[in-house]
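In: here is a sequence with its predicted model. Questions after.
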Amino acid sequence: MDLRRPEYSHMFGFLQADGHLSAGTGQRGRLRLEVSARDRELLERFQRLCPYPSSIRERTRATNFSAEHASSIWTLCALEARNTLHALGMPYGRKSTLIGPPTGDHVARDYLRGLVDADGAIGVTAKGFPFLSLTTSSAAVSDYFCQFGLAVGGALRRPGRNARDGVFNILYTNDPAVAIARELYYEGSPALARKAAKAEIVRAWERPAGMRARSAPRRWTEVDDAVVRAHPADTAAVLLGRTVASCTMRRWRLAKAGEPVEPAPPQLALFS
């Protein structure tokens, strides 16, 4: 499990996201990974990479999406293999909020591709716009993926946990999605076959003629905040060259953070 090799970094990312490491009594335990039957080829690849005896079996069960969902399950029991995975950063038991980037050297783009293969999405919308996303419960994984997205795609993301199930939903579209897809799903990279096929479509996307590129977001500075705190939103908008809506929202966020702001006029008090 040398994570300096792309195939193992990809494998580890996928296992972190979708695998389950359980510890039994004594030295008993197992690694278990279940995927759709159509993705069995990925399990066979992982099995070939692993120098320990393991098995792949099929099962059919009812799920929320299908009365007869066919899946493939890879099971590995070797203690040495489990110790290696655990040392690299794969916890035993429920792990979704605990996982993070590997503890040692690894290939970032291959590790992140493993996460996207397991818990992400890539493709084009009905209107033909490319997208790439990752859903995770781990704050460490969210931060790591966002740092990669900023470095490669030039897009800043600061997601928070959603209110429904407490996960981070990180989404990139258009040019940033294409740049990230080209880095993650490079030619010949080990990947889930159906997502690699979608990535190929995303990598080939070019901005249509006449489609305006989105400008970089304008960040709030301490000077901007001082103006917003001292003036009503409509006045601050004129002074800063921003919209009234953005100044209204900024006033609300500053007030929520406990910073004193001048009382807003009645028509702008909807965020209080």
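Out: Cool, got the structure.

In: strands along the stretch 101-250 of the chain, start to end?
Out: When assigned using DSSP state E, counting those that start in this stretch, the strands of the stretch 101-250 of the chain occupy the ranges 120-124, 130-136, 168-173.

In: can I get these in a markdown table including mean pLDDT and mean neighbour count?
Out: Just so you know, the C-beta spots here come from the backbone N, C-alpha and C atoms, and that holds for glycine as well. Converted to a markdown table, these look like this (pLDDT from 0 to 100; neighbours: other Cβ atoms under 10 Å):
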| stretch | mean pLDDT | mean neighbour count |
| --- | --- | --- |
| strand 120-124 | 96 | 19 |
| strand 130-136 | 96 | 22 |
| strand 168-173 | 96 | 19 |
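
In: okay, those in a markdown table with distance to residue 36 next?
Out: As requested, the strands of the stretch 101-250 of the chain are exported to a markdown table (distance: least, Cβ to Cβ, whole Å):
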| stretch | distance to residue 36 |
| --- | --- |
| strand 120-124 | 14 |
| strand 130-136 | 17 |
| strand 168-173 | 22 |
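
In: residue 32: which of those is closest?
Out: When those are compared for distance to residue 32 using Cβ to Cβ, the nearest one is strand 130-136, at 19.9 Å.

In: the closest one pairs with which strands, and in what direction?
Out: Strands that pair with strand 130-136, judged by DSSP bridges, come out as strand 120-124 (antiparallel), strand 168-173 (antiparallel).

In: send the alpha carbons of it over as CSV?
Out: What follows is the C-alpha trace of strand 130-136 in CSV, where atoms were taken according to Å, rounded to 0.1, in the frame of the first residue of the first chain:
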residue,chain,number,x,y,z
PRO,A,130,-19.9,20.7,-16.9
PHE,A,131,-19.9,20.0,-13.2
LEU,A,132,-17.8,18.1,-10.6
SER,A,133,-18.8,17.7,-7.0
LEU,A,134,-18.0,15.9,-3.8
THR,A,135,-20.2,15.1,-0.8
THR,A,136,-18.4,14.3,2.5
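
In: now what about it, what contacts it?
Out: Residues from elsewhere that reach strand 130-136, judged by Cβ atoms under 8 Å, 6 or more residues apart in numbering: 17, 96, 115-116, 119-125, 141-142, 145, 167-174, 177-178, 180-181, 184, 201-202, 205.

In: so how far is that strand from its chain's centroid?
Out: Centroid separation for strand 130-136 versus its chain: 6 Å, with Cα atoms, centre = their mean, to the nearest Å.

In: same question for stretch 137-149.
Out: That offset, for stretch 137-149, works out to 7 Å (Cα atoms, centre = their mean).

In: helix or strand: which one has the closest residue to residue 57 other than its chain neighbours?
Out: Closest residue in space to residue 57, ignoring its immediate chain neighbours: residue 73 at 5.4 Å, by Cβ to Cβ, 6 or more residues apart in numbering. If you go by DSSP states H and E, residue 73 is part of strand 69-76.

In: tell me what the helix or strand that comes right after that strand is packed against?
Out: With elements assigned by DSSP H and E, the helix or strand that comes after strand 69-76 is helix 79-88. Applying 3 or more Cβ pairs under 8 Å, 6 or more residues apart in numbering; DSSP states H and E, one finds that helix 79-88 makes contact with helix 6-18, strand 19-23, strand 29-36.

In: and these: which comes nearest residue 251?
Out: Comparison of the helices and strands packed on helix 79-88 against residue 251 by Cβ to Cβ identifies helix 6-18 as nearest, at 39.6 Å.

In: show residues contacting the closest one.
Out: Taking Cβ under 8 Å, 6+ apart as the rule, helix 6-18 contacts 1-3, 31, 33-35, 42, 45-46, 49, 85, 88-90, 95, 99, 102, 106-108, 110-115, 117-119, 136, 189-192.

In: the residue nearest to residue 132 when sequence neighbours are not counted: neighbour count?
Out: Nearest residue to residue 132, sequence neighbours excluded (Cβ to Cβ, 6+ apart): residue 177, at 4.3 Å. For residue 177, the count of nearby residues is 25 (other Cβ atoms under 10 Å).

In: also residue 93?
Out: 9.

In: that's all I had, so thanks and see you.
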